[in-house]
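[1] From the sequence below, what's the structure:
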Amino acid sequence: MVGTTQFVKKIRDIMRNDPGINGDAQRIEQLSWILFLKVYDDREKVWEIEQDDYESIIPEGMHWHEWAQDRKDGKALTSDELLDFINNQLLPTLKEITVTPDTPISKAIVKDAFIDTNNYMKNGVLLRQVINVVNDVDFTDPKDRHLFGDIYESILKELQSAGSSGEFYTPRALTDFIAETLKPKLGQRIADLACGTGGFLVSSLNILKKQVNTVEDRKKYNNAVFGIEKKGQPYILAVTNLLLHDVDNPDIIHGNSLEKNITEYTEKDKFDLIMMNPPFGGSELPIIKKNFPSDLQSSETADLFLALIMYRLKDDGKVGVILPDGFLFGNDGAKLNIKKKMLSDFNLHTIIRLPSSIFSPYASIATNILFFDKTGPTKQTWFYRLDMPEGYKHFSKTRPMKLEHFDPVRKWWNDRHEIKDDNDNYKSKAYTPEELAKNNYNFDLCGFSTETEEILPPFELMNKYQKERKELNAKIDKQLAAIKKLLEEDD
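    Reported below is the predicted structural model:
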């Protein structure tokens, strides 16, 4: 088994030579369905041992071990023969698998995973090389699976720099901190209603796994998490992620959480814990907005998800949600009504202001974590500003945020008190609902200085500096010319 860096580098180097792969996003999408089939095939080996009557939903001849294995006997599919099989037999067959309401989740996910899947590679020899690299991983071997967890995390991180795909990846430090704070327990139902690649679900599972001691605990673990994801690529990554974490029935729906009228949700549709990072800045069709009460209809996707959370949270349930600064200081009708509802119907107890570069290089938007629960109306809301750790100007792909950077919050969490910074501005302070109402429900409190450093991609940064240097040189030349003229006049 190769190491994390070697695996990712090998795949990247092979795919870069293929004329059909255009950029990181396509490379990751191509690798996603290949990994899914390999992981699923290895999980089926386990299910066949555990279940005497197990029958695969994948048709004969389409299983990974039937066509992808290279026994070095010259019989393995490669070149045009491999391309023809994948393009004209494998993918069409998997997309047309028959699924009924009685089909177990563990089988239905195969069809869902391949509905939007494409084979971008055009060189069959290179495709065979990629398959062979993946084939070296044995997901039934604990050592390989542990190491592959690191490989998988590395692949997910690359989504941050793969264009718009970055929206589907929330840094592990954030998902781990929120899960750690909400303290999931076996027997609870945990949801992410825009789950992307499944980061929050996996952070929860890592906590729950330590609580598994009996067969009954194992069943609770297997049914603990639920996700919905709209886009095909992150959906398949999320399903694979859960399979890798021993969830036999990954309860993840390939669809849009906002498509159902939220007033129709019943108690069985609600959750004990909801943690998520909803899409920012997006907008939905007018027909989607009609699924919400008129006073909560918003043009901002994140607002709609926040309203959805309120309708899908059980009594005594808890929430940790990441929202942009725009929600905090926004005062349009829907945002205002959502804030009022949150304070009157829920306990909005904590808002953590986060540094703006956490999602760099994908985005430098300023974000916050809102923690609230359904235990009664809000009595006070604590705000806490998490400053950049010492020695950091900003986070980046090479120096990302780590869980340990939340240590100041952890220390403060159980010993809440007001804090002022060196400029005598509040870094932490509690406000009552009445005080927030007097402030016109502007939650932009205990924030950062308005003078923030702009984080730009390297080439934009170079262009910016070159422009500034050109302007500075022009000013210097002008001043020198003026001085020279004065000297000449003196002569």
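
[2] Read off the pLDDT value for the residue nearest to Asp332 when sequence neighbours are not counted.
    Using CB to CB, 6 or more residues apart in numbering and skipping residues adjacent in sequence, the residue nearest Asp332 is Ser298, 7.6 Å away. For every residue, glycine as well, the C-beta is placed using N, CA and C. Predicted confidence (pLDDT) for Ser298: 91.

[3] Phe148 now?
    Looking at Phe148, its pLDDT is 64.

[4] any idea where the helices of the stretch 151-300 of the chain begin and end?
    Using DSSP state H, counting those that start in this stretch, the helices of the stretch 151-300 of the chain run over 172-182, 199-209, 215-222, 232-244, 286-289.

[5] Asp387 is nearest to which of those helices?
    With CB to CB as the criterion, Asp387 lies closest to helix 172-182 of those, at 15.1 Å.

[6] Just the C-alpha atoms of that closest one, please, in CSV.
    Once non-C-alpha atoms are left out, helix 172-182 reads as follows in CSV (Å, rounded to 0.1, in the frame of the first residue of the first chain):
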residue,chain,number,x,y,z
ARG,A,172,-12.0,19.1,9.3
ALA,A,173,-11.2,21.4,12.2
LEU,A,174,-14.6,23.1,11.9
THR,A,175,-16.6,19.8,11.5
ASP,A,176,-14.7,18.2,14.4
PHE,A,177,-15.2,21.2,16.7
ILE,A,178,-18.9,21.5,16.1
ALA,A,179,-19.5,17.8,16.5
GLU,A,180,-17.3,17.8,19.7
THR,A,181,-19.4,20.7,21.1
LEU,A,182,-22.8,19.1,20.3
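
[7] Give me the contact list for it.
    With contacts defined as CB atoms under 8 Å, 6 or more residues apart in numbering, helix 172-182 is touched by 153, 199-200, 202-204, 206-207, 273, 275, 277, 318-320, 322, 358, 369, 371, 400-403, 405-406, 409, 413.

[8] how does it look with 7 Å?
    Contact with helix 172-182 is made by 153, 199-200, 203-204, 207, 273, 275, 318, 320, 322, 358, 369, 371, 401-403, 405-406, as judged by CB atoms under 7 Å, 6 or more residues apart in numbering.

[9] what's the closest of the helices of the stretch 151-300 of the chain to Ile14?
    Ile14 lies closest, by CB to CB, to one member of these: helix 232-244, at 19.6 Å.

[10] tell me which helix or strand of the chain sits lowest on mean pLDDT?
    Every helix and strand in the chain was compared by mean pLDDT, DSSP states H and E; the lowest is helix 142-158, with a mean of 68.

[11] hmm, back to that, would you format the helices of the stretch 151-300 of the chain as JSON lines with mean neighbour count, mean pLDDT and distance to Asn331 included?
    Below are the helices of the stretch 151-300 of the chain laid out as JSON lines (neighbours: other CB atoms under 10 Å; pLDDT from 0 to 100; distance: least, CB to CB, whole Å):
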{"stretch": "helix 172-182", "mean neighbour count": "22", "mean pLDDT": "96", "distance to Asn331": "27"}
{"stretch": "helix 199-209", "mean neighbour count": "24", "mean pLDDT": "96", "distance to Asn331": "29"}
{"stretch": "helix 215-222", "mean neighbour count": "14", "mean pLDDT": "96", "distance to Asn331": "43"}
{"stretch": "helix 232-244", "mean neighbour count": "25", "mean pLDDT": "89", "distance to Asn331": "32"}
{"stretch": "helix 286-289", "mean neighbour count": "12", "mean pLDDT": "92", "distance to Asn331": "19"}
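
[12] Please identify which of those is closest to Glu50.
    Short answer: helix 215-222, nearest of those by CB to CB, at 11.3 Å.

[13] relative to helix 232-244, how tilted is that closest one?
    If you take axes from the mean of the first three to the mean of the last three CA atoms, to 10 degrees, helix 215-222 sits at 170 degrees to helix 232-244.

[14] Quick check: Ser428 vs Glu435, distance?
    Distance, Ser428 to Glu435, by CB to CB, to the nearest Å: 15 Å.

[15] Those two: which has the busier surroundings?
    Between Ser428 and Glu435, counted using other CB atoms under 10 Å, Ser428 has the larger neighbour count: 21 against 13.

[16] Can you tell me what sits against stretch 344-358?
    Stretch 344-358 is touched from outside by 171, 174, 310, 342, 364-378, 381-386, 388, 394-395, 401, 409, 443, 446-448, 452, 455, with contacts defined as CB under 7 Å, 6+ apart.

[17] Now for the nearest residue to Lys420 once chain neighbours are set aside: which residues touch it?
    Distance criterion CB to CB, 6+ apart; nearest residue to Lys420, sequence neighbours excluded, is Tyr426 at 5.9 Å. Going by CB under 7 Å, 6+ apart, Tyr426 touches 418, 420, 446.

[18] Narrow the contacts of stretch 344-358 to those that are buried.
    Neighbour-count burial (16 or more other CB atoms under 10 Å) is assigned, among these, to 171, 174, 310, 342, 364, 366-374, 378, 381-386, 388, 394-395, 401, 409, 443, 446-448, 455.

[19] Tell me the spacing between the spatially most central residue of the chain and Trp412.
    Taking CA atoms, centre = their mean, the centroid of the chain lies closest to Tyr169, which sits 3.1 Å from it. For Tyr169, the distance to Trp412 equals 28 Å [CB to CB].

[20] Poorly predicted segments of the stretch 51-200 of the chain, please.
    Across the stretch 51-200 of the chain, the ranges flagged by pLDDT under 70 are 143-149, 152-153, 156-168.

[21] Which residue ranges of it form strands?
    190-192 (DSSP state E, counting those that start in this stretch).

[22] What of the stretch 351-491 of the chain?
    Remark: strands assigned in the stretch 351-491 of the chain by DSSP E, counting those that start in this stretch are 367-373, 381-385, 419-420, 426-431.

[23] Dump these into CSV; add distance to Ala191 as well.
    Formatted as CSV, these follow (distance: least, CB to CB, whole Å):
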stretch, distance to Ala191
strand 367-373, 15
strand 381-385, 24
strand 419-420, 33
strand 426-431, 29
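
[24] can I get those in CSV with mean pLDDT and distance to Gln129?
    As requested, these are exported to CSV (pLDDT from 0 to 100; distance: least, CB to CB, whole Å):
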stretch, mean pLDDT, distance to Gln129
strand 367-373, 97, 40
strand 381-385, 98, 50
strand 419-420, 96, 56
strand 426-431, 98, 53
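
[25] Val130 is nearest to which of the ones you listed?
    Val130 sits nearest to strand 367-373 of all the strands of the stretch 351-491 of the chain, at 35.6 Å, using CB to CB.

[26] who does the closest one touch, helix- and strand-wise?
    Applying 3 or more CB pairs under 7 Å, 6 or more residues apart in numbering; DSSP states H and E, we find strand 367-373 packed against strand 313-324, strand 347-353.

[27] Now do it: everything it contacts.
    Taking CB under 7 Å, 6+ apart as the rule, strand 367-373 contacts 178, 181, 317-325, 328, 342, 346-354, 358.

[28] Distance of Met15 relative to Asp424?
    Taken as CB to CB, the span from Met15 to Asp424 is 54 Å.
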